[in-house]
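J.: give the three-dimensional model of this entry:
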Amino acid sequence: MADIKRVFLIVLDSFGIGNAPEAENFGDKGANTLKSISLSPEFNIDTLKNLGFTHIDGLSYLEKGALSSRVARLTESSKGKDTTIGHWEIAGVISEKPLPTFPNGFPQDFIDEFEKAIGTHVLCNKTYSGTEVLKDYGEEHIKTGYPIVYTSADSVFQIAAHEDIIPPEQLYETCRIARKMLTDNLGIGRVIARPFEGEYPFKRTPGRHDFSITPPQKTLLDKLKENSFDVIGVGKIHDIFAGQGLTEYVFTENNADGMNKALEYQQKDFNGLCFINLVDFDMVYGHRRNVDGYAKAISDFDRWLMQFIENMSDSDALIITADHGCDPAFSGTDHTRECVPFILYSKKIAPENSGTIQGFDYVSKTVKSLLGV
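T.: Numbers count the residues shown, from 1 in each chain. All right, here's what the predicted structure looks like:
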């Protein structure tokens with residue numbers, strides 16, 4: 001496609017753009033993350049607009065800008081709307097079955113076995129908001145020392161603990177035990193460590209870690225590594241792919257830290273892929289149904305993006321996409337089944353609106369084409 005040495009792939013976690021053909025099957029008819037936040041006074045995307053973002057199919061409600069990149073609307077092929085399946089599809093793996101969810105909590109026989117394995121009882125085992133569960137069970141956790149286990153509409157097994165009661169490393173080991181036990185019909189997408197601190201109503205720390213199920217087949221990351229490319233994960237990427245296919249990785253505390261890390265890698269000499277996840281859109285604003293906060297986060301990213309583009313070399317390519325939606329104006333606190341944007345910018349690639357394309361795996365195909373795999 002072009003003589004490209006480095007590809008920076010940025011996933012704006014949950015930045016859906018609505019219009020998913022099968023949204024009704026997921027209970028998400030009418031969900032549109034982008035449209036919801038575009039109504040906020042905090043919303044400003046001048047850099048994205050000048051790249052051609054507003055030329056993407058279905059975004060006629062936004063003012064048109066220039067077209068200086070290749071853009072498209074991507075529809076999801078996998079049977080899910082969660083982070084793991086979304087990222088797997090971006091990396092070339094289509095999931096024919098959704099990962100299991102447990103809206104009524106995990107089976108009691110599993111909880112009994114898990115308690116034996118970690119040597120203590122657990123609290124809750126219900127579907128809960130991550131902030132509300134701390135309000136309802138945080139003080140009991142401090143009194144008893146029992147970790148708080150809960151889930152959500154996503155395929156997750158979450159374990160929360162106060163850092164003064166169960167130190168983060170001990171919490172991570174507890175999560176590793178759960179990850180090994182949650183297989184077959186209980187093979188949820190992620191076990192998530194949720195450390196918190198302070199006093200009631202408590203505050204979650206940046207020490208979150210995800211322990212994902214291993215991808216069922218080789219991904220883009222594996223293919224690049226096998227071909228001697230550098231494969232760098234920034235943020236949740238290591239956790240989402242269970243470390244598989246990476247040659248280097250770094251965790252991040254928030255969006256700002258992730259964007260700073262991206263700029264640092266931009267100054268380094270490597271040959272291959274730098275895969276970046278910016279999680280705050282989903283975790284801090286989407287799930288908490290904070291429209292203005294989400295809009296401001298996108299605006300902050302947009303301002304940062306201008307600097308990143310200015311620093312790009314002739315042999316760099318930038319891809320911006322998302323893994324699912326999380327409409328902050330929609331009912332509930334779940335992810336939403338939506339299409340996602342695709343933006344490819346490089347000084348060597350002609351601008352084009354490619355219309356609507358089936359499959360997030362178009363991203364994987366594009367990266368391989370860019371790097372000549």
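
J.: give the residue farthest from the middle of this protein.
T.: Within the chain, Lys143 marks the point farthest from the mean C-alpha position, 33.9 Å out by Cα atoms, centre = their mean.

J.: may I have the secondary structure class of it?
T.: helix (DSSP: H, G, I helix; E, B strand; the rest coil).

J.: could I get the pLDDT score of Ala31?
T.: For Ala31, the pLDDT comes out at 97.

J.: does Asp280 touch Asn254 like I think?
T.: Yes: using Cβ atoms under 8 Å, Asp280 is in contact with Asn254, at 5.5 Å. All C-beta atoms are positioned from the backbone trio N, CA, C, and that covers glycine.

J.: the more surrounded of those two?
T.: Asp280 (24 against 16; other Cβ atoms under 10 Å).

J.: name the nearest residue to that one, sequence neighbours excluded.
T.: Asn255 (4.1 Å; Cβ to Cβ, 6 or more residues apart in numbering).

J.: residues in contact with the one you found?
T.: Leu278, Val279, Asp280, Phe281, Ala297, Asp300, Phe301 (Cβ atoms under 8 Å, 6 or more residues apart in numbering).

J.: farthest-separated two in the residues you listed?
T.: Spanning the widest gap among those are Val279 and Asp300, at 13.9 Å by Cβ to Cβ.

J.: who has more neighbours out of those two?
T.: Legend: neighbour count by other Cβ under 10 Å for Val279 and Asp300, higher for Val279 (22 against 16).

J.: how close does the nearest residue to that one once chain neighbours are set aside get to Arg70?
T.: Excluding its sequence neighbours, the residue lying closest to Val279 (Cβ to Cβ, 6+ apart) is Asp13, at 4.8 Å. For Asp13, the distance to Arg70 equals 22 Å [Cβ to Cβ, to the nearest Å].

J.: the two - which one has more neighbours?
T.: The neighbour count for Asp13 versus Arg70, taken as other Cβ under 10 Å, is higher for Asp13 (26 against 22).

J.: mind checking how far that one is from Glu173?
T.: 26 Å.

J.: same thing with Asp222?
T.: For Asp222 relative to Glu173 (Cβ to Cβ), the value is 27 Å.

J.: neighbour count: these two, which is higher?
T.: Neighbours were counted for Asp222 and for Glu173 using other Cβ under 10 Å; Asp222 has more, 18 against 14.

J.: now that one. Nearest residue, chain neighbours left out?
T.: Closest residue in space to Asp222, ignoring its immediate chain neighbours: Gly245 at 4.1 Å, by Cβ to Cβ, 6+ apart.

J.: ok, Arg303 next?
T.: Arg303 sits nearest to Thr47 (Cβ to Cβ, 6+ apart), 7.1 Å away.

J.: so where is this structure shaky, pLDDT-wise?
T.: Applying pLDDT under 70 to the chain flags residues 1-2.

J.: apply 50 and report the result again.
T.: By pLDDT under 50, the chain has no low-scoring segment.

J.: now do the helices in it.
T.: In the chain, the helices defined using DSSP state H lie at 33-38, 46-51, 83-90, 108-118, 132-144, 168-181, 220-226, 237-240, 255-266, 280, 291-310, 362-371.

J.: who's in contact with the fifth one?
T.: To tie it back to what came earlier, the one meant is helix 132-144. Contacts with helix 132-144, where a contact means Cβ under 8 Å, 6+ apart, come from 121, 123-124, 128, 146-148, 150, 160-162, 165, 196, 200-202, 204.

J.: residue contacts, Lys365?
T.: So Lys365 contacts Gly92 (Cβ under 8 Å, 6+ apart).

J.: distance-wise, check it relative to Val373.
T.: 10 Å.

J.: mind listing what Gly258 touches?
T.: So Gly258 contacts Val234, Gly235, Thr252, Ile276, Asn277, Leu278, Val279 (Cβ under 8 Å, 6+ apart).

J.: give the contact list for the last one.
T.: By Cβ under 8 Å, 6+ apart, the contact set of Val279 is Asp13, Gly235, Lys236, Thr252, Asn254, Asn255, Gly258.

J.: with Thr54 instead?
T.: Leu48, Leu62, Glu63, Lys64, Gly65.

J.: repeat for Glu96
T.: Glu96 touches Ser78, Lys79, counting by Cβ under 8 Å, 6+ apart.

J.: what's the answer for Phe342, then?
T.: Residues in contact with Phe342 (Cβ under 8 Å, 6+ apart) are 56, 70-74, 319-321, 354, 357, 362-363.

J.: which residues of the stretch 1-150 of the chain fall in strands?
T.: Applying DSSP state E, counting those that start in this stretch to the stretch 1-150 of the chain gives strands spanning 6-12, 70-75, 123-127, 148-151.
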